[in-house]
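Q: Quick one, what's the 3D model for this:
(2 chains)
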Amino acid sequence: MAAPSFSVTTPIFYVNDAPHIGHAYTEVAADVLARWNRQCGVDTWSLTGTDEHGQKILRTAVANDVTPKEWADKLVADAWIPLLQTIDIANDDFIRTTEERHESVVQAFLQKLYDDDYIYFGEYEGYYCVGCEEYKQTDDLAQGAGEFEGQYVCPIHGRPVEVLKEANYFFRMSAFGDRLLELYETQPDFIQPDSLRNEIVSFVRRGLDDLSISRQSFDWGVRVPWDDKHVFYVWFDALINYISALGWRADEPGELFQKFWPSNHIVGKDIARFHAVIWPAMLMAAGLPTPRRVFGHGWLLVGGEKMSKSKLTGIAPEQITDVFGSDAFRYYFLRAISFGQDGSFSWEDLAARYQAELANGFGNLASRVVAMVGRYCDGRLPAASDVTDADARIHSVVESAVERATAAMDRFAIHEAIAAIWTVVDELNGYLTEQEPWKVAKDESQTARLHTILATAAEGLRALSVLLAPVMPKSTALLWTALGADAAIGPLAEQRIDQVATWGQLPEGAEVSALPPLFPRIEVDQLG
RNA sequence: GGGGCGGUAGCUCAGCUGGUUAGAGCAGUGGACUCAUAAUCCAUCGGUCACGGGUUCAAGUCCCGUCCGCCCUACCA
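A: Residues are numbered from 1 along each chain as shown, chains lettered A, B, ... in the order given. This next block holds a predicted model:
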């Protein structure tokens, strides 16, 4: 049997404008899943990247008086790569659709479909919205007013649509309806969450049309290999990134592809259909395995409305990380929002959770334990001796948290996993208050008891560091070092989640060093 | 037009196949404690479960209707 492996992708982001917290949310979720699996000892691979073709980018570039490639290069360098730094993403690869390694795979993939008669030449006429990059049915359109009087306008972009008549290549997607339904049936978690699955299933049940997959009205795209007057439609080009990055070839699948395909796709629910219908149909046509899972997360609501780039309600991730840090960003969005559902964002809620959960809960817990080991044990980790029910209870809470968090992460229920882990924070704070080590320390006959309490608390922090490392890599690393764990048992990133509940890993005498506040209080006037 | 989702404490949300006095976190209030980032711990206040009917011994939980918010999707023209 092959070694367990896990691969996860984000959508590749359209480089037409700057990243907002919705993009960052997707990135963080995928990153946490990747880091978690990696620390479970699973061979893991995570992918993100940028989507750089299409008419919209061409037009934006022209408007800015640069070539589309120059425009894309600039945004990738100035905005999208830095985003990954801002929110601390540890991706294994970053693919750009303008890279040769991608374009050649797109051509090979579609050539194969063409050779096997899944692609044919046809004609299409319809209303086309440049903003959406897609054809619209008339009922999807609004009547224009004012300067656009008498024209159809796209309700999303508020701009008139264009009538296009194109002779294009079409993909025979209509042939795959039954096989897609069978896929949804036999693999119920192929599309998650269930609400989204239901939508997709009923969409496919109504029957699928063939898809126009090429354009000849402009040339910013991957050239159709058998007809150089055409370029591929941007979505067809883009979806293939998931296997081009793995080095797939028509004749030679390649090592990465063999090992990591099929991947798990994390996407916003608005593009779930591309990933759960079109993409698997393309893969079926090519005779390749369909994705492991397509998970559509919800939208971030700001003031009750979907945050969107076209409505300019976007918040830049740095606005948050500059004040609260990347760990808090990662924690907040994954903890406060049920993964898969829409979630409200507000500065008030962010600040409140930062204060209550990170500063007062986890951060302060770390401070008090480390400070007591310093004060009462000269900074040397003490050993536990006679274990009371209270001590044993800490251990069992950790065991239960690991079990529940692992089960939740397997379902991509990230918020549930974090909630399960957080029971350890709450339990430890209560344990310390009840055991009153500061009182025990005043009685010299109770030194053994004092040591047991502090050793138990430190073990709890060790477990928390490991369990929370995927979510908050920076602060847990600080805590890990302060506990002396780095020197005693090795780097945090190498600690296994499936072994974290084994008690007593921190050795007696480990050097516990001072710890600055992990989540310093934020003054109100620092808020954006 | 059809289908789906949501409307539960000030805020954000749990409440599975109907079953004792509807829950959590935060915020508020009172108390305990001092190791810690004026942190922690305990207690407590707070809801006609959108509205109106119905089924049932029993409904937030099922059925019908209405209102509000959102999503998917058709047709006539």
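
Q: Stretch A:303-315 spans what distance, first to last residue?
A: By CA to CA, to the nearest Å, the extent of stretch A:303-315 from end to end equals 12 Å.

Q: Just the mean pLDDT for it, thanks.
A: Per-residue pLDDT over stretch A:303-315 has a mean of 66.

Q: Stretch A:125-140 too?
A: Stretch A:125-140 shows an average pLDDT of 65 in the prediction.

Q: Also stretch A:339-352?
A: Mean predicted confidence for stretch A:339-352 is 89.

Q: And stretch A:428-435, by the same measure?
A: 96.

Q: So, low pLDDT: which residues of the stretch 1-150 of chain A?
A: A:1-3, A:129-150 (pLDDT under 70).

Q: What ranges does it have for its strands?
A: Listed in chain order, the strands found in the stretch 1-150 of chain A under DSSP state E, counting those that start in this stretch are A:5-14, A:43-51, A:93-96, A:119-129, A:134-136, A:142-143.

Q: Who are the packing partners of the third one?
A: Which is strand A:93-96. Counting contacts by 3 or more CB pairs under 8 Å, 6 or more residues apart in numbering; DSSP states H and E, strand A:93-96 packs against strand A:43-51, helix A:100-115. Glycine gets a C-beta too; all of them are placed from N, C-alpha and C.

Q: that older thread, out of the strands of the stretch 1-150 of chain A, flag the one nearest RNA strand B.
A: RNA strand B lies closest to strand A:134-136 among those, at 9.7 Å (CB to the nearest atom of the strand).

Q: related to what we said a few turns ago, make a markdown table from the helices and strands packed on strand A:93-96 and add mean neighbour count and distance to RNA strand B to it.
A: Converted to a markdown table, those look like this (neighbours: other CB atoms under 10 Å; distance: least, CB to the nearest atom of the strand, whole Å):
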| stretch | mean neighbour count | distance to RNA strand B |
| --- | --- | --- |
| strand A:43-51 | 23 | 20 |
| helix A:100-115 | 18 | 24 |
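
Q: Please produce CSV containing those, extended by distance to A:Asn91.
A: As requested, the helices and strands packed on strand A:93-96 are exported to CSV (distance: least, CB to CB, whole Å):
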stretch, distance to A:Asn91
strand A:43-51, 5
helix A:100-115, 16
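
Q: How many residues are close by the residue in chain A positioned nearest to RNA strand B?
A: Using CB to the nearest atom of the strand, the closest approach of chain A to RNA strand B is made by A:Gly363 at 1.8 Å. Summarising burial for A:Gly363: neighbours were counted as other CB atoms under 10 Å, giving 23.

Q: ok so it is a helix residue?
A: Yes: when DSSP: H, G, I helix; E, B strand; the rest coil is applied, A:Gly363 is found to be in a helix.

Q: and the next element down the chain from the helix or strand harbouring A:Val466?
A: Here A:Val466 is covered by helix A:447-468, with elements defined by DSSP states H and E. As assigned by DSSP H and E, the chain's next helix or strand after helix A:447-468 is helix A:473-482.

Q: which helices and strands does that next one pack with?
A: helix A:326-336, helix A:364-377, helix A:447-468.

Q: pLDDT averaged over the second one - what is it?
A: Pointing back at helix A:364-377 there. Here helix A:364-377 scores 97 as its mean pLDDT.

Q: With the shortest one instead?
A: Over the span of helix A:326-336, the pLDDT mean works out to 95.

Q: Can the helix or strand just after that helix be said to contact RNA strand B?
A: Going down the chain from helix A:326-336, the next helix or strand is strand A:343-345, by DSSP H and E. Yes: residues of strand A:343-345 contacting RNA strand B under CB under 7 Å from any atom of the strand: A:Gly343, A:Ser344.

Q: circling back: may I have the helix holding A:Val466 as PDB, with CA atoms only?
A: The C-alpha trace of helix A:447-468 is given here as PDB (Å, rounded to 0.1, in the frame of the first residue of the first chain):
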ATOM      1  CA  THR A 447       7.800  20.800  46.800                       C
ATOM      2  CA  ALA A 448       7.000  17.600  45.000                       C
ATOM      3  CA  ARG A 449       3.400  18.700  44.600                       C
ATOM      4  CA  LEU A 450       4.400  22.000  43.200                       C
ATOM      5  CA  HIS A 451       6.700  20.300  40.700                       C
ATOM      6  CA  THR A 452       3.900  18.000  39.600                       C
ATOM      7  CA  ILE A 453       1.600  20.800  39.000                       C
ATOM      8  CA  LEU A 454       4.000  22.800  37.000                       C
ATOM      9  CA  ALA A 455       5.200  19.800  35.000                       C
ATOM     10  CA  THR A 456       1.700  18.900  34.200                       C
ATOM     11  CA  ALA A 457       0.900  22.500  33.100                       C
ATOM     12  CA  ALA A 458       4.100  22.600  31.000                       C
ATOM     13  CA  GLU A 459       3.100  19.300  29.300                       C
ATOM     14  CA  GLY A 460      -0.200  20.800  28.500                       C
ATOM     15  CA  LEU A 461       1.500  23.700  26.900                       C
ATOM     16  CA  ARG A 462       3.700  21.400  24.900                       C
ATOM     17  CA  ALA A 463       0.600  19.700  23.600                       C
ATOM     18  CA  LEU A 464      -1.000  23.000  22.800                       C
ATOM     19  CA  SER A 465       2.100  24.200  20.900                       C
ATOM     20  CA  VAL A 466       2.000  21.200  18.700                       C
ATOM     21  CA  LEU A 467      -1.700  21.200  18.100                       C
ATOM     22  CA  LEU A 468      -1.900  24.900  17.400                       C
END
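
Q: pLDDT averaged over it - what is it?
A: Here the average pLDDT along helix A:447-468 is 97.

Q: Next, the angle helix A:364-377 makes with that helix.
A: 150 degrees (axes from the mean of the first three to the mean of the last three CA atoms, to 10 degrees).

Q: Which other helices and strands does helix A:447-468 contact?
A: Right, helix A:447-468 is packed against helix A:364-377, helix A:389-410, helix A:414-435, helix A:437-440, helix A:473-482 by 3+ CB pairs under 8 Å, 6+ apart.

Q: Let's have those in a markdown table, adding mean neighbour count.
A: A markdown table is the format used below for the helices and strands packed on helix A:447-468 (neighbours: other CB atoms under 10 Å):
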| stretch | mean neighbour count |
| --- | --- |
| helix A:364-377 | 20 |
| helix A:389-410 | 17 |
| helix A:414-435 | 19 |
| helix A:437-440 | 16 |
| helix A:473-482 | 21 |
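
Q: Not counting sequence-adjacent ones, nearest residue to A:Gln495?
A: A:Val466 (4.4 Å; CB to CB, 6 or more residues apart in numbering).
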